[in-house]
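[1] just coords:
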């Protein structure tokens with residue numbers, strides 16, 4: 001919605017696959033609030049309200065307090081940020097704040113210094129079966145840029161599936177455990193990390209992106225909830 005309002009002269013429809021439904025985040029927001037955290041819904045020109053009946057959940061994006069300066073201030077002082085790989089989480093990276101990236105489309109081929117991430121799933125619209133990670137990799141290998149993702153998926157009868165509320169909640173709980181404990185003993189060192197990257201070996205052909213020198217990890221909770229996505233052959 002930000003692009004439609006702020007840069008309305010351009011066609012941003014090729015970005016639509018990156019959209020998410022904020023309703024899927026309410027369960028995680030409620031959990032964090034019950035743990036005593038303030039949960040601040042960020043954004044500018046957002047599509048809809050984010051109403052939860054809890055005093056610690058604030059729909060700041062739709063409040064009179066929203067401003068560009070406050071966007072930077074709040075992000076710079078957060079305990080951690082949940083984002084979908086958009087502009088504001090770059091501010092969190094600048095201030096070295098932990099980042100949980102959710103609903104990330106794996107074909108986007110952009111890997112940064114995230115704490116944890118969970119990807120969108122891709123479904124075969126004919127068979128209603130989810131693609132395994134190594135099958136997603138094959139799709140990614142024929143992409144030339146982010147502008148072609150929607151086109152390639154359409155041509156192959158594929159579609160993105162957003163993260164479920166349960167997947168997001170589990171990833172939030174895992175992030176909290178990671179931040180409270182020693183990262184060297186956390187799930188980021190689990191064998192599932194190696195297994196995932198064996199299924200999705202970056203860098204891709206002709207890609208300028210590589211995860212080789214970047215320390216980020218797929219959430220183990222996501223892999224446990226979706227064990228069939230890993231190729232165990």
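    Yes, it's here. Predicted model only: the values in this text are computed from it and were never measured.

[2] Which residue, other than its chain neighbours, is closest to residue 221?
    Distance criterion CB to CB, 6 or more residues apart in numbering; nearest residue to residue 221, sequence neighbours excluded, is residue 170 at 3.7 Å. All C-beta atoms are positioned from the backbone trio N, CA, C, and that covers glycine.

[3] just residue 46 next, same as before
    Here the residue nearest residue 46, using CB to CB, 6+ apart, is residue 61, at 4.6 Å.

[4] count of neighbours near the one you found?
    20 (other CB atoms under 10 Å).

[5] So it sits against residue 51, correct?
    No: between residue 61 and residue 51 there is no contact under CB atoms under 8 Å: 11.7 Å.

[6] Now stretch 104-118: buried residues?
    104-109, 111, 114-118 (16 or more other CB atoms under 10 Å).

[7] do the same with stretch 22-36
    22, 24-33.

[8] can you put those residues in JSON lines and add pLDDT, distance to residue 219 and secondary structure?
    Output for the buried residues of stretch 22-36, formatted as JSON lines (pLDDT from 0 to 100; distance: CB to CB, whole Å; DSSP: H, G, I helix; E, B strand; the rest coil):
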{"residue": "22", "pLDDT": "93", "distance to residue 219": "20", "secondary structure": "helix"}
{"residue": "24", "pLDDT": "97", "distance to residue 219": "15", "secondary structure": "helix"}
{"residue": "25", "pLDDT": "97", "distance to residue 219": "15", "secondary structure": "helix"}
{"residue": "26", "pLDDT": "97", "distance to residue 219": "19", "secondary structure": "helix"}
{"residue": "27", "pLDDT": "98", "distance to residue 219": "16", "secondary structure": "helix"}
{"residue": "28", "pLDDT": "98", "distance to residue 219": "12", "secondary structure": "helix"}
{"residue": "29", "pLDDT": "98", "distance to residue 219": "17", "secondary structure": "helix"}
{"residue": "30", "pLDDT": "98", "distance to residue 219": "19", "secondary structure": "helix"}
{"residue": "31", "pLDDT": "98", "distance to residue 219": "15", "secondary structure": "helix"}
{"residue": "32", "pLDDT": "98", "distance to residue 219": "16", "secondary structure": "helix"}
{"residue": "33", "pLDDT": "98", "distance to residue 219": "21", "secondary structure": "helix"}
